[in-house]
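A.B. asks: kindly return the folded structure for what I paste below:
(one chain, ligands or ions: 2)
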Amino acid sequence: MRPDLTDLKTLREMLSDAPKENDTARQKAAERNGQLTKPPGALGRLEDLALWYAAWRGDARPEISAPQVIVFAGNHGVTAQGVSAFPAEVTVQMVANFEHGGAAINQLAKAAGASMDVHALDLDRPTADFTQGPAMTEAECLAALQTGWNAVDPSADLLVVGEMGIGNTTSAAAICHALFGGSASDWTGRGTGVDEAGLANKIRVVAEAVALHETADGLDVLRCLGGREVAAMAGALAAARALRIPVILDGFICCAAAACLHAIDASALDHTVAGHMSAEGAHGALLDRLGKEPLLSLNLRLGEGSGGALAINIIRSALACHSGMATFAEAGVAAG
Ligand SMILES: O=C(O)c1ccc[n+]([C@@H]2O[C@H](COP(=O)([O-])O)[C@@H](O)[C@H]2O)c1
Ligand SMILES: Cc1cc2nc[nH]c2cc1C
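C.D. replies: Ligands and ions are numbered 1, 2, ... in the order given. You can find the predicted model right below:
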């Protein structure tokens, strides 16, 4: 299913009409969970994850065999404001590194037994500096959303979306400030490692951008303050929902993309879990706003889908227990 995202209204409608959990599968999975050879609840959150996954797959006893990691890359005009510790050309250089297998995410995807795809979005055409005007036109934003949608493999059974884009923690901070209010400093962190003066400059940039655009509508915020890789992640999350593919969210930028969908429909992220809590200062507050409890907290601040990829084996293990364990009756173990 690859709809033509010809206008943002179509996407809004698709989000409202998106599939919901399969209640029957959840109920059957819960019954099975209650019969497995362990004290009730002893597998803690793994049990919740197994039921969540079963409900989205519509299968009471599923397994994970085809996880997909997608890394989207984009360039940001706002880098002209000196918001990153690294130069903008690192984005295209890291894409080459992903393609040659040399980045952390290549190793983490491999360790998790996941396929990995990389999509570079018009790197030679950075978005506009959003302190001056909207980052993207509607057509540009739609094209990025479509790239994200099309990147999802319909036969995947678990998805991680990650990103690479020098300057994108400024974009993510501006998205959060526009959607959730507070002050610019609440949402602005050090990204790749800016110093005190760099952080003060970033806060100024985020405050100016949000004041200029004056919108809290999820898709407007995405277009005005996002980036192509951010929009592509949003498109991939929407596609996964339509395809009933559960998703593991990554760090601050991935969750900012997710927040744009959440602002349109509060249930838009029900098919997702938070893979980890990033060391980027505002990620915890963002996860709270999205109602997500992170699976891991490892002080990562890399992006690329790294924290999501690390969490694949947690979900896989949850399903291995759920679908592979013996019941009390099968094992001849006395139930309590
Ligand atoms: O995922 C995160 O939470 C995260 C936190 C800090 C930095 N990053 C990565 O660093 C880059 C953005 O940092 P910056 O300083 O250029 O805005 C971008 O490529 C992200 O993948 C990612
Ligand atoms: C080297 C480097 C690798 C990255 N991966 C994701 N964001 C990144 C930013 C930099 C600077």
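A.B. asks: when you work out contacts or count neighbours from here on, use the C-alpha atoms and nothing else.
C.D. replies: Noted.
A.B. asks: give me every residue in the stretch 51-200 of the chain lying close to ligand 2.
C.D. replies: By C-alpha under 6 Å from any ligand atom, the residues of the stretch 51-200 of the chain that approach ligand 2 are 86, 164.
A.B. asks: what's the burial count for whatever residue of the stretch 51-200 of the chain ends up closest to ligand 2?
C.D. replies: When scored by C-alpha to the nearest ligand atom, the stretch 51-200 of the chain has Met164 as its residue closest to ligand 2, at 4.8 Å. For Met164, the count of nearby residues is 27 (other C-alpha atoms under 10 Å).
A.B. asks: what does Asp195 give?
C.D. replies: Neighbour count of Asp195, defined by other C-alpha under 10 Å: 12.
A.B. asks: ok, now the one 3 residues further on?
C.D. replies: By other C-alpha under 10 Å, the residues close to Gly198 number 17.
A.B. asks: correct me, but it touches Thr79?
C.D. replies: No: counting by C-alpha atoms under 8 Å, Gly198 sits too far from Thr79 to count as a contact (12.0 Å).
A.B. asks: in this structure, which spans are strands?
C.D. replies: Taking DSSP state E to define them, one finds strands in the chain at 67-73, 115-120, 158-164, 247-249, 272-274.
A.B. asks: dump the ones you listed to TSV, plus mean pLDDT and distance to Ala266.
C.D. replies: Formatted as TSV, the strands of the chain follow (pLDDT from 0 to 100; distance: least, C-alpha to C-alpha, whole Å):
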stretch	mean pLDDT	distance to Ala266
strand 67-73	99	24
strand 115-120	98	28
strand 158-164	98	20
strand 247-249	99	16
strand 272-274	99	12
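A.B. asks: to ligand 1, which of the ones you listed lies closest?
C.D. replies: Checking the strands of the chain against ligand 1 by C-alpha to the nearest ligand atom gives strand 158-164 as the closest, at 3.7 Å.
A.B. asks: same for the closest one, what does it pack against?
C.D. replies: Contact analysis of strand 158-164 by 3 or more C-alpha pairs under 8 Å, 6 or more residues apart in numbering; DSSP states H and E lists strand 67-73, helix 90-99, helix 228-242, strand 247-249, helix 252-264, helix 306-324 as its packing neighbours.
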